[in-house]
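J.: here's my sequence, what's the structure:
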Amino acid sequence: MSISTEEVSTAEFNNNLASKRIASIDFVKGLAMVFIILAHSALSWLDKDWRYIYGLVFAFLDVLGPSLFVFLSALSVIFSVKRKKGVLPEKVIRNGILIRGVVIIVIGVLFNPMSLYSSGVAVPFPANLWGWNILMFIGFSQIFSYYVLKFSKLSRAVIGAIIIYFSPWIREILYEFKDANVVVLILHFIITSPLPQVPILPYLSVCFISTIFGEYIYEAMIKGTKEAYYRLFRIFTYYGIALVLIGLFIIVPRGVAFDIWEPGWAFLNPAPPPYHSAPGFIVESEYLHIDLLRIANQQDYSYFPGMPVYMIRCTAQNMFYNLGVGFLLIAVCFYFIDIKKKSNDVIKMVNFYGKTSLSLFLIQYLFLPLYGSQFSIIFLPIVFAGYCGFLGLLMYIWTEYFNGVGTPEWIMGKLGSAGKKKKKS
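T.: So this is what the prediction gives:
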């Protein structure tokens, strides 16, 4: 059996990259997955006397969950493209990314009816197949980010900032006129979806911004020097601080009459019926996280009159703030794990969670119905630690002894291998 020069160079190139892997990226991705599992298990398992804790904690820690997870997932496109650039034909690289994105989108489509049902939102078939959940957007971002790479870094930064800044205004116009115009109704359905967990606006901006910082990470990874690593640490730190400040103090236009929102640190309330646009109010069906205010007020200790804008997912302030905190977290983890070379069993376990994140995201739902509203805040941390350990053990056995057969990662790998074999023949 002969081995081609292309195969040898590809293997050598991949081995070199493996030796320079940025371990903190897997760690932060795994950490984001842990917080997602925590949020879902707390919502399902906390009893009614302690459910308000979920509303309080989730509002603060959402920055470490889906937003961070989506950003890190979009980075994988950079590594796929850059690692194979000049080694494999452009068509093979593109097809691999398209296959990966489509597989995740299909999983997201199949997941949508269950997500709507568990949220108590009634949507008839086939409209219930459409919805911007985490999986849907990750699959979309895999494909869209590939084409975004053709823009310069400056162009991507400007476009991403514009999308974040004007998305709330665009979505409010669609909401205001969706009942009066069928075209607007269709656009609202496509852009926002029945359950807008991670809607295309403003999250389309993540595709533009993640590719910029993905290139910075890749450049530092290729150089592999301490100077390059410290430079990358400074980039994430400085941009993280800047974006947090922007999220807290920026004022964004919204409403058909260009009413002005308060800065990110100000408080907003859910709009009263008939849910019309008004300054100081926000429509709950468009911004699902405002419901955390209702949950947090399910106690007799104190009353929260509103929710800071930067905590309401999908607002412009929230997008800037979340990206900033995410950058700072990546910087801290990068400093200790990749620069200072810190490592222990906990770090290795969280890294493994990052590498199997898609599978973990799906299998966690299988066990959530087991303990519906049964635990107080005293026992939930113990149960959650055991639950996370159980999921990790399950994934370890699955990947180590059964080669991960049936997991999303396995499916994408098989489809990608089939595509490469077809291209070679």
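J.: which helix in the protein runs the most residues?
T.: Taking DSSP state H as the criterion, the chain has its longest helix at helix 90-118.
J.: show me what it is packed up against.
T.: Counting by 3 or more Cβ pairs under 8 Å, 6 or more residues apart in numbering; DSSP states H and E, the packing neighbours recorded for helix 90-118 are helix 66-84, helix 134-148, helix 357-367, helix 408-424. Every residue, glycine included, has its C-beta placed from N, CA and C.
J.: what ranges does the chain have for its strands?
T.: Along the chain, counting by DSSP state E, strands occupy 253-254, 259-260, 267-270, 281-282, 307-308.
J.: center of this protein - which residue?
T.: By Cα atoms, centre = their mean, the chain has its centre lying nearest to Val70, at 2.1 Å.
J.: any idea how far it lies from Glu227?
T.: Distance, Val70 to Glu227, by Cβ to Cβ, to the nearest Å: 31 Å.
J.: picking up where we left off before, reformat the helices and strands packed on helix 90-118 as JSON lines; add mean pLDDT and distance to Val183.
T.: What follows is the helices and strands packed on helix 90-118, written out as JSON lines (pLDDT from 0 to 100; distance: least, Cβ to Cβ, whole Å):
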{"stretch": "helix 66-84", "mean pLDDT": "84", "distance to Val183": "29"}
{"stretch": "helix 134-148", "mean pLDDT": "92", "distance to Val183": "22"}
{"stretch": "helix 357-367", "mean pLDDT": "90", "distance to Val183": "35"}
{"stretch": "helix 408-424", "mean pLDDT": "66", "distance to Val183": "35"}
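J.: right, so of those, which gets closest to Tyr321?
T.: Taking Cβ to Cβ, helix 66-84 is the member of the helices and strands packed on helix 90-118 nearest to Tyr321, at 9.4 Å.
J.: tilt between the closest one and helix 357-367?
T.: Put simply, helix 66-84 runs at 140 degrees to helix 357-367, going by axes from the mean of the first three to the mean of the last three Cα atoms, to 10 degrees.
J.: so which elements touch helix 66-84?
T.: Packed against helix 66-84 by the contact rule (3+ Cβ pairs under 8 Å, 6+ apart) you find helix 5-19, helix 23-45, helix 90-118, helix 134-148, helix 200-223, helix 316-334.
J.: returning to what we had before: tabulate the helices and strands packed on helix 90-118 (CSV), appending distance to Leu195.
T.: As requested, the helices and strands packed on helix 90-118 are arranged in CSV below (distance: least, Cβ to Cβ, whole Å):
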stretch, distance to Leu195
helix 66-84, 13
helix 134-148, 10
helix 357-367, 15
helix 408-424, 21
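J.: about what we covered before: the residue nearest to the centre of the chain: what's it in contact with?
T.: Contact analysis of Val70 by Cβ atoms under 8 Å, 6 or more residues apart in numbering lists 134, 137-138, 141, 198, 203, 206.
J.: list the buried residues in stretch 349-361.
T.: Residues of stretch 349-361 classed as buried: 349-354, 356-361 (neighbour count, 16 or more other Cβ atoms under 10 Å).
J.: residue ranges of the helices in the stretch 151-300 of the chain, please?
T.: With DSSP state H, counting those that start in this stretch as the criterion, the stretch 151-300 of the chain has helices at 153-177, 182-191, 200-223, 226-249, 291-296.
J.: which one, of those, ends up nearest to Phe60?
T.: helix 291-296 (9.7 Å).
J.: contacts for that closest one?
T.: Under the contact criterion Cβ under 8 Å, 6+ apart, helix 291-296 has outside partners 51-52, 54-56, 58-59, 269-270, 284, 304, 306-307, 311.
J.: so Leu68 touches Leu329, yeah?
T.: Yes - if you go by Cβ atoms under 8 Å, Leu68 and Leu329 touch, sitting 7.1 Å apart.
J.: who touches both of these two?
T.: With Cβ under 8 Å, 6+ apart as the test, Leu68 and Leu329 both reach Val28.
J.: more neighbours: which of these two?
T.: Looking at Leu68 and Leu329 with other Cβ atoms under 10 Å, you find the greater number of neighbours at Leu68, namely 25 against 20.
J.: from Ala331, how far out is that one?
T.: Per Cβ to Cβ, Leu68 is found 13 Å from Ala331.
J.: rewinding a little: just the ones of the contacts of helix 291-296 in helices?
T.: Those of the contacts of helix 291-296 lying in helices (DSSP H): 51-52, 54-56, 58-59.
J.: on that earlier part again, adding distance to Arg294, write the helices and strands packed on helix 66-84 out as CSV.
T.: Shown next, in CSV, are the helices and strands packed on helix 66-84 (distance: least, Cβ to Cβ, whole Å):
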stretch, distance to Arg294
helix 5-19, 48
helix 23-45, 13
helix 90-118, 18
helix 134-148, 23
helix 200-223, 24
helix 316-334, 18
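J.: closest to Ala161 out of the ones you listed?
T.: Among the helices and strands packed on helix 66-84, helix 200-223 comes nearest to Ala161, with 7.4 Å by Cβ to Cβ.
J.: using CSV, list the CA coordinates for that closest one.
T.: Extracted in CSV, the C-alpha atoms of helix 200-223 (Å, rounded to 0.1, in the frame of the first residue of the first chain):
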residue,chain,number,x,y,z
ILE,A,200,-30.2,34.9,14.4
LEU,A,201,-30.4,38.5,15.4
PRO,A,202,-28.2,39.5,17.3
TYR,A,203,-26.3,36.2,17.5
LEU,A,204,-25.3,36.5,13.8
SER,A,205,-22.7,38.9,15.1
VAL,A,206,-20.9,36.0,16.9
CYS,A,207,-19.9,34.5,13.5
PHE,A,208,-18.1,37.7,12.6
ILE,A,209,-16.5,38.3,16.0
SER,A,210,-15.5,34.7,16.8
THR,A,211,-13.6,34.3,13.5
ILE,A,212,-11.5,37.4,14.4
PHE,A,213,-10.4,36.0,17.7
GLY,A,214,-10.2,32.5,16.3
GLU,A,215,-7.5,33.7,14.0
TYR,A,216,-5.6,35.4,16.9
ILE,A,217,-5.7,32.0,18.7
TYR,A,218,-4.6,30.1,15.7
GLU,A,219,-1.7,32.4,15.0
ALA,A,220,-0.5,32.1,18.6
MET,A,221,-0.9,28.4,18.5
ILE,A,222,1.2,28.1,15.3
LYS,A,223,4.0,30.2,16.8
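J.: so which other helices or strands are in contact with that helix?
T.: helix 66-84, helix 134-148, helix 153-177, helix 182-191, helix 226-249, helix 316-334.
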